[in-house]
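Novice: starting from these lines, generate the structure:
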Amino acid sequence: MKIGMKLKKGTALAVGCGLIIGSISGLGSVNQVKAASKDYGTALKYAITFYDANKCGPDAGENNAFSWRGACHVNDGADVGLDLTGGYHDCGDHVKFGITQAYAASVLGWSFYEYKAGFDQAGATEKTMQTLKHFTDYLLKCHPNANTFYYQVGDGYQDHSYWGAPEAQGNRSTIYKVDASNPGSDVCGGSSAALSIMYLNYKDIDSTYANKCLAAAKTLYTLGKSNLGTSQGQSFYSSSSYKDDLAWAATWLYQITGTASYLTDAENYLKTSTGVVTDEWTMCWDDMFTPATIQMYKLTKNAVYLNALKKNVDYWNNSLATTAGGLKYLNSWGTLRYSSAEAMVAMQYYGITKDSAAKNLAVSQINYILGDNPMNMSYMIGYGSKYPLYPHHRAANGYTYENSGNLKPAKNLLLGGLVGGPNSNDQYSDNGAAYEYTEVGIDYNAGLVGALAGILVDGQSTVPTPTPVVTPTPVVTPTPV
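Specialist: This next block holds a predicted model:
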């Protein structure tokens, strides 16, 4: 991303005539479920594979689908006497921001918890579990004791002056932590939720590791509650609230432990002077009110939470601005991250109510992303025959700033990456400098993964049939504008 604020709520493959697929390994064949000509199984497998491109740490090259990624940032945390290696780079840059790290880890974990059958069907279970554990291994390192949580490694301004491979970037600083003097209830809440969900996903695989995650989830939640306030993010990420994140964390801790105080906390964080929070936005790094509301309804069966969720889905279905091509258009920066996240919300609502309008909303937005749009292209890189060739992503780009290399077509196929998407006229600028359109992010793909898995499990379905991995060939080579 270009230097500037990440938008908050309210505000190697040769590319050309052909593509070389040899640098992507281990994708195999997947089970295909077609609905309206879309292969959701392949899309899900690609969407989770994307995270390998943003993997960080000395083991970044291990179990990695991309041969152009390897060990990087091997001394993270050394400046504070800790090993803070691991985790994931944020977007097209290499900073590890706490707010998106927690968001992506919790939403991916939630997706797997809710829709495991979809991951199994897509042949994506093993890769997803590798991804989730790489997230939680890092979160555990960042919480060395009950009173401390490190949540940003890498200076955003310095990082954004560098265009090159993460493997060649060298050392960087540890920027922010939560402790008695520095609040960060939002990052503590989101990270607590991610670790709680990992407990649920991992307790039958390795109970020792799962219990370690749960213990850290509890102490992180307590740390977030003990010094209320939002985290910093060098103006790149500025939270609007911490109540949504603490509510999100509390619901999972209550589900696991049955301790009534967690449920009381969640109720209080979601309470307003007139009832409970009703949110017309959607889930994102800056807003977890809707996921927390979903959890609260499942835990309590209190209709007030279901009514709040209904208002959200109805707003998206009937009132939100919609492009001529059918895209629900919430915001101009990374608009597809929002429509795909709401698609997951809608599939959750459909799972509760069997309201076909909610399912149709979800399917329409995912189908738009996968090619049913006026540009007749997929906004998931590598899916279909026409997709973005100029993603704003340093590792995939494969060049430096020399000779404007950052504006060249990417050397490496960023398989599964969801770009920001088109404007309100359904037009897309495939230009590496137009990061509002072409950037990807660990938060972008998280809701998309959940939506795809939800559609596989609860949406349109047919008899699965084997299909080979797609060998994409772009129909056109877009010219940057």
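Novice: give the residue spans of the chain that score low on pLDDT.
Specialist: Scanning the chain with the threshold set as pLDDT under 70 gives 1-37, 460-481.
Novice: go again with 50.
Specialist: The chain contains residues with pLDDT under 50 at 1-35, 461-481.
Novice: show me where it has strands.
Specialist: 30-32, 34-35, 38-39, 96-97, 149-153, 174-178, 271-272, 275-276, 465-467 (DSSP state E).
Novice: partners of the third one in the sheet?
Specialist: For strand 38-39, the pairing partners within the sheet under DSSP bridges are strand 34-35 (antiparallel).
Novice: got it, and the fifth one?
Specialist: For strand 149-153, the pairing partners within the sheet under DSSP bridges are strand 96-97 (antiparallel), strand 174-178 (antiparallel).
Novice: packed most tightly, which of these would that be?
Specialist: A comparison of those by mean neighbour count, using mean count of other Cβ atoms under 10 Å, puts strand 96-97 on top with a mean of 32. Glycine gets a C-beta too; all of them are placed from N, C-alpha and C.
Novice: can you list the neighbours in contact with that one?
Specialist: By Cβ atoms under 8 Å, 6 or more residues apart in numbering, the residues outside strand 96-97 that reach it are 56, 76, 87-90, 138, 151-154, 156, 233, 236-237.
Novice: next step: the residues you listed restricted to helices.
Specialist: Of the positions in the contacts of strand 96-97, 138, 156 sit in helices, assigned by DSSP state H.
Novice: which of the contacts of strand 96-97 sits closest to Y379?
Specialist: For those, the closest approach to Y379 (Cβ to Cβ) belongs to D90, at 19.4 Å.
Novice: surely the closest one and T100 touch.
Specialist: Yes - using Cβ atoms under 8 Å, D90 makes contact with T100 at a distance of 5.5 Å.
Novice: any common contacting residues for those two?
Specialist: Joint contacts of D90 and T100 (Cβ under 8 Å, 6+ apart) are 441-442.
Novice: got a PyMOL select line for the buried ones in the contacts of strand 96-97?
Specialist: For the buried members of these, the matching PyMOL selection, counting by 16 or more other Cβ atoms under 10 Å, is:
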select buried, resi 56+76+87+88+89+90+138+151+152+153+154+156+233+236+237
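Novice: closest to T259 among the contacts of strand 96-97?
Specialist: Scanning the contacts of strand 96-97 for proximity to T259, where the rule is Cβ to Cβ, the winner is Y151, at 25.4 Å.
Novice: and the closest residue to that closest one other than its chain neighbours, what is it in contact with?
Specialist: Counting by Cβ to Cβ, 6 or more residues apart in numbering, Y151 lies nearest to G98, which is 2.8 Å off, once chain neighbours are set aside. Applying Cβ under 8 Å, 6+ apart, one finds that G98 lies in contact with 142, 151-152, 176, 184, 187, 190-191, 231, 233.
Novice: redo these as CSV? Include distance to A324.
Specialist: Output for the contacts of G98, formatted as CSV (distance: Cβ to Cβ, whole Å):
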residue, distance to A324
C142, 45
Y151, 41
Q152, 40
Y176, 43
G184, 42
V187, 39
G190, 36
S191, 40
S231, 39
G233, 35
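Novice: looking at those, which one is closest to T274?
Specialist: Among the contacts of G98, G190 lies closest to T274 (Cβ to Cβ), at 26.6 Å.
Novice: what's the closest non-adjacent residue to that closest one?
Specialist: Per Cβ to Cβ, 6+ apart, closest to G190 is A102, 2.9 Å.
Novice: tally of neighbours for that neighbour?
Specialist: Applying other Cβ atoms under 10 Å, we find 31 residues neighbouring A102.
Novice: okay, it and W110: tell me how far apart.
Specialist: Between A102 and W110 the computed distance is 12 Å (Cβ to Cβ, to the nearest Å).
Novice: now swap in N268 and tell me
Specialist: 22 Å.
Novice: which one's more surrounded, those two?
Specialist: Neighbour count, other Cβ under 10 Å: between N268 and W110, W110 has more, with 26 against 12.
Novice: the residue lying closest to that one once chain neighbours are set aside: neighbouring residues, count only.
Specialist: Spatial nearest neighbour of W110, excluding adjacent residues (Cβ to Cβ, 6+ apart): I197 at 5.7 Å. Other residues near I197 number 29, with proximity taken as other Cβ under 10 Å.
Novice: wait, doesn't Y103 sit right on Y444?
Specialist: No - contact status for Y103 versus Y444: not in contact, 10.5 Å apart, counting by Cβ under 8 Å.
Novice: okay, those two: which has more neighbours?
Specialist: Set Y103 next to Y444 and count neighbours by other Cβ under 10 Å: Y103 wins out with 33 against 26.
Novice: for the more buried one, give me its contacts.
Specialist: Applying Cβ under 8 Å, 6+ apart, the residues near Y103 are 190, 284-285, 288, 443, 446.
Novice: let's go with 10 Å and repeat that
Specialist: 97, 186-187, 190-191, 193-194, 237, 245, 248, 283-288, 291, 341, 441-443, 446-447 (Cβ atoms under 10 Å, 6 or more residues apart in numbering).
Novice: S207 versus that one, what's the distance?
Specialist: 27 Å.
Novice: count of residues packed around the nearest residue to D355 once chain neighbours are set aside?
Specialist: Nearest residue to D355, sequence neighbours excluded (Cβ to Cβ, 6+ apart): Y349, at 6.5 Å. Neighbourhood size, Y349 [other Cβ under 10 Å]: 26.
Novice: much appreciated, bye for now.
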